[in-house]
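Q: please work out how this folds:
(one chain, ligands or ions: 1)
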Amino acid sequence: METVDVKKDNGIGWVFLNRPDKLNAINMKMIQELLTAIKNYEEDNEVKVIVITGRGKAFSAGADISQFKELTPAGAWELARKGRELMDYIERVPKPTIAMINGYALGGGLELAMACDFRIASEDAMFGLPEINLGIYPGFGGTQRLLRLVGKTKALEMMMTGDRITAQEAERIGLLNKVVPKEKLEEETIKFAQKLMEKSPLILSILKSVVLYGNDAPLLDGLNMESLGWGFVFSTNDQKEGVNAFLEKRKPNFQGK
Ligand SMILES: CCCCC/C=C/C(=O)SCCNC(=O)CCNC(=O)[C@H](O)C(C)(C)COP(=O)(O)OP(=O)(O)OC[C@H]1O[C@@H](n2cnc3c(N)ncnc32)[C@H](O)[C@@H]1OP(=O)(O)O
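A: Sure, this is the predicted structure:
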């Protein structure tokens, strides 16, 4: 692949945005290659957790602005649609996803990070949705995802001013799970991923789909989905293993079945 590279290591499927000289700006090629990488990891039983990060000094400085110059309305719609489809796919992939944010996460770069389940950032990372300064607005799902993550007040402030915020501020408003020293970013991300890998991948995927369903549904529908899923979990071996392990005072050995 040209714009993305991948590496499998101890249950983690790493995805590297790989246009460091352009601060990993996201073009159509990268959208396609990211989708391929995620789909491959979805099918790969050795991959339990997917981590997306950037090569170089940025996670991603957003959609590639150079492609906007000649964009027709139809082309803009296609780009927005393909980008959104990618973000929606990442959000719904039935494995935990982590954005490991190693620098700027701006515009479409932040939208990509927000499509992941978790965001871990180095303390010098910077965040923002500066699209408004280009006479546009977030189009990879950011208007909706930021709203749900941090609430209307901060979401509108970030989108309407285009101002950047620090990692500390991003953590304070609920955009990040964790901020860590730069030199510990990879180590802390791996630790977090390992914690997830100790759980049942099957139950994690059911849990994820229940939570995502509830994020977009009326409360009663979400609660019903929770109860149904909760019943379904009792048809799995991992539920039996979890309960037996507790009663037998040992660590569970989940098989994802
Ligand atoms: C249709 C669907 C759209 C979906 C909605 C999403 C929209 C977007 O994401 S719009 C883009 C939003 N992002 C930005 O506005 C950030 C733009 N970049 C910057 O402001 C700066 O690059 C910086 C503050 C992030 C870093 O500044 P600095 O350290 O001085 O680095 P350079 O500006 O010299 O950048 C190095 C190199 O990278 C190119 N580049 C950076 N960002 C982008 C980008 N978003 N698109 C295209 N190219 C980008 C920059 O032009 C430099 O390239 P060279 O000039 O060839 O060295």
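Q: now the helices for the stretch 101-250 of the chain?
A: For the stretch 101-250 of the chain, the helices identified by DSSP state H, counting those that start in this stretch occupy 108-115, 142-150, 152-161, 167-172, 185-197, 201-215, 219-233, 237-247, in order along the chain.
Q: centre of the chain to the second one, how far?
A: So the one you mean is helix 142-150. Offset of helix 142-150 from its chain centre (CA atoms, centre = their mean, to the nearest Å): 13 Å.
Q: what angle do that helix and helix 152-161 make?
A: Using axes from the mean of the first three to the mean of the last three CA atoms, to 10 degrees, the inter-axis angle of helix 142-150 relative to helix 152-161 is 140 degrees.
Q: again with the first one
A: What separates the directions of helix 108-115 and helix 152-161 is an angle of 160 degrees, with the same axes, to 10 degrees.
Q: so what secondary structure elements neighbour helix 108-115?
A: The helices and strands touching helix 108-115, judged by 3 or more CB pairs under 8 Å, 6 or more residues apart in numbering; DSSP states H and E, are strand 49-54, strand 58-60, helix 73-92, strand 97-101, helix 142-150. (Glycine included, C-beta is placed from N, CA and C.)
Q: the ligand: which of those is closest?
A: With CB to the nearest ligand atom as the measure, helix 73-92 is the member of the helices and strands packed on helix 108-115 nearest the ligand (4.0 Å).
Q: between that closest one and helix 108-115, how big is the angle?
A: Relative orientation of helix 73-92 with respect to helix 108-115: 30 degrees, computed using the same axes, to 10 degrees.
Q: centre of the chain to helix 73-92, how far?
A: Worked out by CA atoms, centre = their mean, helix 73-92 lies 15 Å from the chain centre.
Q: same deal with stretch 227-234?
A: Taking the mean of its C-alpha atoms, stretch 227-234 sits 26 Å from the chain's own mean (CA atoms, centre = their mean).
Q: before we move on, what about stretch 164-174?
A: Here the centre of stretch 164-174 is set off from its chain's centre by 17 Å, with CA atoms, centre = their mean.
Q: and the contacts of it?
A: Applying CB atoms under 8 Å, 6 or more residues apart in numbering, the contact partners of stretch 164-174 are 101, 106, 121-128, 130, 149-151, 154, 158, 176-179.
Q: among these, which are in strands?
A: Using DSSP state E, the members of these that fall within strands are Ile101, Leu106, Ala121, Ser122, Met126, Phe127, Gly128, Lys178, Val179.
Q: for the last one, which residues count as its bridge partners?
A: Beta-bridge pairing for Val179 (DSSP bridges): Ala121.
Q: with the first one instead?
A: On the basis of DSSP bridges, Ile101 takes part in beta bridges with Ala121.
Q: returning to that earlier point: can you list the ones in strands among the contacts of stretch 164-174 in CSV and add neighbour count?
A: Conversion of the ones in strands among the contacts of stretch 164-174 to CSV gives the following (neighbours: other CB atoms under 10 Å):
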residue, neighbour count
Ile101, 32
Leu106, 24
Ala121, 30
Ser122, 21
Met126, 20
Phe127, 28
Gly128, 22
Lys178, 16
Val179, 22
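Q: what does this structure put close to the ligand?
A: 22-23, 25, 61-66, 76, 79-80, 83, 104, 106-108, 130-131, 134, 138-140 (CB under 6 Å from any ligand atom).
Q: from the residues you listed, list the buried ones, please.
A: With neighbours counted using 16 or more other CB atoms under 10 Å, those contain these buried positions: 22-23, 25, 61-64, 79-80, 83, 104, 106-108, 130-131, 138-140.
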